[in-house]
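**Q** Here is a sequence together with a model predicted from it:
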Amino acid sequence: MKITYVIIVALVAYILGAITKVFIEQIPNKLIPMQNVIIGIISALICYFCKIETNLLQALVLCLISTMGAGGVADLYKIIKKENE
């Protein structure tokens, strides 16, 4: 069941990212954490209403931690890449 969270978070992030790219040329860095929170909340609601998780609070915490962690890893990758150039 835990892999399902990863798939849902990835799909929601991909869809929202594609929508954002169409309507907004570039998102300021200060708004990316807010985008991650929105992705986490939407993912948690999907997991809860599809009966993947029976506890809404647990779904919210798990999906929010996943999205914020992914955002941190992406920032770390950018920092390392910038330092190596």
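**A** Now that the structure is in, tell me what you want to look at.

**Q** For the chain, name the helix or strand with the lowest mean pLDDT.
**A** helix 2-23 (a mean of 82; mean pLDDT, DSSP states H and E).

**Q** Return the distance of it from the chain's centre.
**A** 7 Å (CA atoms, centre = their mean, to the nearest Å).

**Q** Next, the buried residues of it.
**A** 5, 8, 9, 12, 13, 16 (16 or more other CB atoms under 10 Å). From N, CA and C alone the C-beta is placed, and that goes for glycine too.

**Q** And stretch 38-50, by the same measure?
**A** 39, 40, 41, 42, 43, 44, 45, 46, 47, 48.

**Q** what mean pLDDT would you report for that stretch?
**A** Average pLDDT, stretch 38-50: 90.

**Q** Residue nearest the middle of this structure, spatially speaking?
**A** residue 67 (3.4 Å; CA atoms, centre = their mean).

**Q** Which elements pack onto the strand or helix carrying that one?
**A** According to DSSP states H and E, residue 67 maps onto helix 56-84. Judged by 3 or more CB pairs under 8 Å, 6 or more residues apart in numbering; DSSP states H and E, the packing partners of helix 56-84 are helix 2-23, helix 32-49.

**Q** okay if I get the ones you listed as a markdown table plus distance to residue 60?
**A** Putting the helices and strands packed on helix 56-84 into a markdown table (distance: least, CB to CB, whole Å) gives the following:
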| stretch | distance to residue 60 |
| --- | --- |
| helix 2-23 | 11 |
| helix 32-49 | 4 |
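
**Q** quick one: which of those is nearest residue 79?
**A** helix 32-49 (14.0 Å; CB to CB).

**Q** Contact partners for the residue located most distally from the centre of the chain?
**A** Most distant residue from the mean C-alpha position of the chain: residue 85, 27.6 Å away (CA atoms, centre = their mean). Residue 85 makes no contacts at all, as judged by CB atoms under 8 Å, 6 or more residues apart in numbering.
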